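Novice: Next input, structure requested:
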Amino acid sequence: MKKLLTLVSILFFSLSVSGQCFIEDYSTYKRVLEIRGDYVTLYSNQQRLYQFDGLYLLLFSNRRRLLKMDGRYIVRYSDNRRIAKLDGEYLVEYYSNRRIAKLKCPGMRSALAAAAYFLL
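Specialist: The predicted structure follows:
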């Protein structure tokens, strides 16, 4: 019974740790953002910056729409212009085609958060 309890606690701990998503600055390889549920926080002090709402990323302080996904492209909500694209585990700036972030959990949410942090 004790072995089973230990195994369950190890499994639970590994799942809870793997559920965290981090975003790294591509040039310095330092973690800058963390995604926890529907919120994006600064890695250094856990301050909430952004919130997810469906396909949109909102500013946490006033819930203003900032970005949305359009396929693999990230579009600025205010003027409907493409500013970045998702390229595997990297976020690439649309105009310069330069990698700006490494996404530890590649996907729409990580791409939106990284684009807001680095490009807005």
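Novice: contacting residues for Tyr73?
Specialist: Tyr73 makes contacts with 82, 84-86, 94, as judged by Cβ atoms under 8 Å, 6 or more residues apart in numbering. Every C-beta, even on glycine, is put in place using the N, C-alpha and C of the backbone.
Novice: Filter those residues down to the ones in helices?
Specialist: Counting by DSSP state H, none of the members of the contacts of Tyr73 fall within helices.
Novice: Narrow the residues you listed to those in strands?
Specialist: Assigned to strands by DSSP state E, the following of the contacts of Tyr73 qualify: 82, 84-86.
Novice: Select only the buried ones of these in PyMOL?
Specialist: Provided next is the PyMOL selection string for whichever of those are buried by 16 or more other Cβ atoms under 10 Å:
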select buried, resi 84+85+86
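Novice: Grab the two from the ones in strands among the contacts of Tyr73 that are most spread out in space.
Specialist: Within these, Arg82 and Leu86 form the most distant pair, 11.5 Å apart (Cβ to Cβ).
Novice: Touching both of the two, which residues are there?
Specialist: With Cβ under 8 Å, 6+ apart as the test, Arg82 and Leu86 both reach 73-74.
Novice: Which parts of this protein are helices?
Specialist: For the chain, the helices defined by DSSP H occupy 2-18, 108-119.
Novice: ok, Gln20 - how many residues close by?
Specialist: Per other Cβ atoms under 10 Å, the neighbour tally for Gln20 reads 11.
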